[in-house]
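Student: sequence plus the predicted model coming up.
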Amino acid sequence: MTTDNKGMILIVEDDEDTQYVYRLILEANGFDVLTATSGTDGLRLAREEHPTAVLMDVSIPGMDGWTVTRLLKGEEDTAALPIIVITAHAFPEDREMAKDVGCDGFLTKPCEPRLVLEEVWRVTSA
């Protein structure tokens, strides 16, 4: 970790281009970044690495982002972990689902990297 580190962000996203863009902006602003391309890997990394926050895609292989979020929010060690959902599903019922599973933020794709960074700053107070 660098001395100006603002924390570690876990990006759970199966699209490599999207993952790359979010990683670049977060690292350029002092965050360390972990990545996972499936819900199963995202769940494991969140439990093992204790990131500062998670950017969670909903439609991911293995286990969807709603399920991963629900599991993390239901466990004592990860219940307070800020989770920001980033999804192409922008219907009112998707926003309701985000609230129901305990998400701390909701962004719709395509999403400007600047907005992702602002939301990470908001939930981490970095």
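Tutor: Happy to help now that I have it. No experiment lies behind these values; they were computed from the predicted model shown.

Student: show me which positions of stretch 65-77 end up buried.
Tutor: Neighbour counts over stretch 65-77 (16 or more other C-beta atoms under 10 Å) mark 65-69, 71-73 as buried. In this view, the C-beta of every residue, glycine as well, is placed from N, C-alpha and C.

Student: closest to residue 47 out of these?
Tutor: residue 72 (7.9 Å; C-beta to C-beta).

Student: okay, how far is it across stretch 75-89, tip to tip?
Tutor: End-to-end distance for stretch 75-89: 26 Å, by C-alpha to C-alpha, to the nearest Å.

Student: could you shift the numbering so residue one becomes 587, and keep it that way?
Tutor: Understood, numbering begins at 587; the last thing we discussed is stretch 661-675.

Student: just to revisit the earlier point, among the buried residues of stretch 651-663, name the ones in helices.
Tutor: The members of the buried residues of stretch 651-663 that map onto helices under DSSP state H are 651-655, 657-659.

Student: between those residues, which is nearest residue 700?
Tutor: Nearest to residue 700 among these, with distances taken as C-beta to C-beta, is residue 651, at 22.0 Å.

Student: redo the ones in helices among the buried residues of stretch 651-663 as JSON lines? Include distance to residue 618 and pLDDT.
Tutor: Below are those laid out as JSON lines (distance: C-beta to C-beta, whole Å; pLDDT from 0 to 100):
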{"residue": "651", "distance to residue 618": "21", "pLDDT": "96"}
{"residue": "652", "distance to residue 618": "26", "pLDDT": "96"}
{"residue": "653", "distance to residue 618": "26", "pLDDT": "97"}
{"residue": "654", "distance to residue 618": "20", "pLDDT": "97"}
{"residue": "655", "distance to residue 618": "21", "pLDDT": "97"}
{"residue": "657", "distance to residue 618": "23", "pLDDT": "97"}
{"residue": "658", "distance to residue 618": "19", "pLDDT": "98"}
{"residue": "659", "distance to residue 618": "23", "pLDDT": "97"}
